[in-house]
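**Q** sequence first, predicted model second:
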Amino acid sequence: MPDYNLSYFYVFVFFVVGAFFVTLLLGISHLVAPRKPTLEKLRTYESGEEPVGQAWGRYPIHFYVFALLFVVFDVDFIFLVPWAAHFRDFGWTGIVEVTLFIGILVSGLIYAWKKEALRWY
């Protein structure tokens with residue numbers, strides 16, 4: 001019978017060694033890296049463009065809702081690709097399960113549509 005407490009010890013040692021190496025490398029980087037701050041280096045940079053306005057601007061909530069819906073449906077696509085690759089192996093049970101899964105997705109999409117979450121102003 002295996003000793004499961006030894007597995008916890010291995011995980012702990014792995015964590016300690018990893019933390020040690022991260023700390024060591026960050027410390028070496030801090031000691032070796034040149035530090036010559038100039039006004040040009042300290043200026044705000046946004047993808048090659050001069051920043052306009054304040055950085056703390058407010059965005060309407062529908063941008064976040066739209067992005068969240070995109071992520072949800074993107075992740076669901078990732079779940080459907082392996083199913084489509086092996087759908088013959090699952091039989092009728094797999095077809096019923098994926099139909100239920102897609103039905104839940106479609107009902108969520110209809111709900112978002114009715115709440116006008118997909119409307120891009």
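**A** Good, I have the coordinates.

**Q** phi first, then psi, for the residue nearest in space to the middle of the chain.
**A** Centroid-nearest residue in the chain, with Cα atoms, centre = their mean: residue 71, separated by 8.8 Å. Torsion angles at residue 71 (phi, psi; degrees, to the nearest 10) stand at phi -60, psi -40.

**Q** part of a helix, is residue 18?
**A** Yes - applying DSSP: H, G, I helix; E, B strand; the rest coil, one finds residue 18 inside a helix.

**Q** give me the number of neighbouring residues for it.
**A** 10 (other Cβ atoms under 10 Å). Placement of C-beta: from N, CA and C, glycine included.

**Q** now do the same for it: its pLDDT.
**A** With respect to pLDDT, residue 18 scores 97.

**Q** again with residue 69
**A** 82.

**Q** got the contact list for the closest residue to it other than its chain neighbours?
**A** Excluding the flanking residues, the one nearest residue 69 by Cβ to Cβ, 6 or more residues apart in numbering is residue 112, at 5.8 Å. Taking Cβ atoms under 8 Å, 6 or more residues apart in numbering, we find residue 112 in contact with 65, 69, 118.

**Q** tell me which helix or strand residue 112 sits in.
**A** helix 87-114 (DSSP states H and E).

**Q** show me what the mean pLDDT comes to for that helix.
**A** According to the model, helix 87-114 has a mean pLDDT of 87.

**Q** any buried residues in that helix, and which?
**A** 98, 105, 112 (16 or more other Cβ atoms under 10 Å).

**Q** residues contacting the first one?
**A** Each residue near residue 98 by Cβ under 8 Å, 6+ apart is listed here: 80, 83, 87.

**Q** thinking again about what came up before, how far does the helix holding residue 112 sit from the chain's center?
**A** Put simply, helix 87-114 sits 23 Å off its chain's centre (Cα atoms, centre = their mean, to the nearest Å).

**Q** also stretch 83-91?
**A** The answer for stretch 83-91 is 27 Å, by Cα atoms, centre = their mean.
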